[in-house]
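Visitor: coords below, sequence missing:
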């Protein structure tokens with residue numbers, strides 16, 4: 001993979017995805033600030049965005065509108081224009097004699113990577129703002145899915161009930177209550193850390209390269225329902241059987 005693509009990345013987030021996000025920042029001034037090798041590509045992308053009536057993203061822009069433009073930026077604008085440039089380069093006499101389609105796809109991704117990195121270098125505040133909006137968007141989506149909302153609501157209702165029941169239940173004997181099993185507490189803590197860590201790391205990865213629309217977001221929540229349900233089960237297990245701690 002290093003020989004073919006130029007990096008050891010094991011996922012498909014490359015220059016195409018990153019460029020699909022940051023070409024939202026393009027305007028005539030930014031195009032003129034870009035290096036010569038990326039300027040024509042950026043100018044053609046900007047022209048097609050303008051034909052669709054899209055405005056450059058600013059700090060006060062509605063992020064959702066620009067998130068929705070991402071797919072068109074990726075599949076209908078940036079990749080197509082970069083592929084045209086790569087095919088034109090592949091027809092040059094000095095082009096390497098390797099599989100044309102592989103060469104074109106690798107080359108177009110490199111062109112878009114170069115463009116995206118230059119845009120981020122020139123507009124770091126806009127890029128940081130994109131990441132912030134993307135993370136907030138992902139966090140808000142947590143309440144859009146029943147498999148998260150259901151266990152979360154049950155847990156919210158259960159905690160005060162469990163607390164009240166525990167206070168109201170008299171001690172059955174002079175024996176002190178049994179200590180909760182350390183293995184159970186450790187397993188719960190590990191599951192919660194796994195769920196939060198996986199979600200947070202994945203959300204940050206997607207936010208820095210694209211944005212967390214449904215296809216990516218659903219897989220981010222892989223461990224969250226399990227962690228919530230396990231916590232709910234543990235709360236009620238200790239409430240109904242206080243002698244277990």
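Guide: Now that the structure is in, tell me what you want to look at. Keep in mind the model is a prediction, meaning the values are calculated, not measured.
Visitor: burial count for residue 58?
Guide: If you count neighbours by other Cβ atoms under 10 Å, residue 58 ends up with 12. (Each C-beta comes from the backbone N, C-alpha and C, glycine too.)
Visitor: Look at it and give its secondary structure.
Guide: coil (DSSP: H, G, I helix; E, B strand; the rest coil).
Visitor: Would you map the helices across this protein?
Guide: Using DSSP state H, the helices of the chain run over 2-5, 15-22, 28-33, 36-51, 63-72, 79-90, 100-122, 124-140, 146-168, 182-209, 214-220, 224-240.
Visitor: Quick one: list the elements packing against the fourth one.
Guide: Looking back up the chat, that one is helix 36-51. helix 28-33, helix 79-90, helix 100-122 (3 or more Cβ pairs under 8 Å, 6 or more residues apart in numbering; DSSP states H and E).
Visitor: Give the buried residues for it.
Guide: For helix 36-51, a neighbour-count test (16 or more other Cβ atoms under 10 Å) marks 38, 41, 42, 44, 45, 46, 48, 49 as buried.
Visitor: Stretch 58-74 too?
Guide: 61, 63, 66, 67, 69, 70, 73, 74.
Visitor: Leaving out sequence neighbours, find the closest residue to the last one.
Guide: To tie it back to what came earlier, the one meant is residue 74. residue 20 (3.6 Å; Cβ to Cβ, 6 or more residues apart in numbering).
Visitor: least trustworthy helix or strand in this structure by mean pLDDT?
Guide: Sorting the helices and strands of the chain by mean pLDDT, DSSP states H and E puts helix 2-5 at the bottom, at a mean of 70.
Visitor: Please list all residues in contact with residue 131.
Guide: Residue 131 makes contact with 204, 207, 208, according to Cβ atoms under 8 Å, 6 or more residues apart in numbering.
Visitor: can you do 6 Å?
Guide: Residue 131 sits next to 207, 208 when contact means Cβ atoms under 6 Å, 6 or more residues apart in numbering.
Visitor: can you check residue 26 too?
Guide: 42, 46.
Visitor: Next, find the distance separating it from residue 58.
Guide: 12 Å (Cβ to Cβ, to the nearest Å).
Visitor: Could you report the neighbour count for residue 125?
Guide: Around residue 125 there are 9 residues (other Cβ under 10 Å).
Visitor: excluding its backbone neighbours, what's nearest it?
Guide: Using Cβ to Cβ, 6+ apart, the closest residue to residue 125 is residue 59 (7.1 Å).
Visitor: what does residue 14 give?
Guide: Nearest to residue 14 is residue 109, by Cβ to Cβ, 6+ apart, at 4.9 Å.
Visitor: Name all residues that make contact with the one you found.
Guide: 14, 15, 16.
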